[in-house]
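**Q** Predicted model follows, preceded by the sequence.
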Amino acid sequence: MARHHRDGQVAWIGLRPARRAPVRAVEAAEVGPAGLEGDRHPSPGKRAVTLIQAEHLAVISALCGTEATYPLLRRNLTVSGLNLAALKGREVAVGSAVLRIEGPCAPCSRMEETLGPGGYSAVRHHGGWCASVVAPGAVALGDAVVPR
């Protein structure tokens, strides 16, 4: 169970500059001890960084009948090619940063507003993962996501 077919890759990076403000896509970001620099409120601990699998967007879209996009789901990092659920409790190198996948990132009630009726339920169990910062560093689009 510790093996993975391949490493993942950072497909998208988003910063939430303020409450309810549109998520801003960036090509690179610094991961500080409390999360991505420039995100609206760093939260040290288990929710410092939020991640979602790119492969889950198609599932969410199919379940809610609306195209789910990275900015609409409001996660910091989108990862492709690696099953994040299989990494719960483990560390992953993301660029030069190291994160620990702590647990599921539950959707907020705003998903009903963003994705329409049923949006909250569509995101349940597909909404991504929360991570703590083990070692700060830089992350950029295309960086490898490597289980440790």
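**A** That came in fine, so what should we check first? Residues are numbered from 1 along each chain as shown.

**Q** Which residues are in contact with the residue nearest to Val26 when sequence neighbours are not counted?
**A** Leaving aside its sequence neighbours, Val26 sits nearest to Ile13 (C-beta to C-beta, 6 or more residues apart in numbering; 5.1 Å). All C-beta atoms are positioned from the backbone trio N, CA, C, and that covers glycine. Contacts for Ile13 were tallied using C-beta atoms under 8 Å, 6 or more residues apart in numbering; they are 25-29, 36, 76-78, 139-141.

**Q** Using ChimeraX, make a named selection holding only the buried ones among these.
**A** Entered in ChimeraX, the line below selects the buried ones among the contacts of Ile13, by 16 or more other C-beta atoms under 10 Å:
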select :29,36,76,77,78,139,141
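
**Q** Check which helices and strands the lowest-mean-pLDDT helix or strand in the chain is in contact with.
**A** Lowest on mean pLDDT, DSSP states H and E among the helices and strands of the chain sits helix 110-115, with a mean of 89. In terms of contacts (3 or more C-beta pairs under 8 Å, 6 or more residues apart in numbering; DSSP states H and E), helix 110-115 is packed against helix 119-123.
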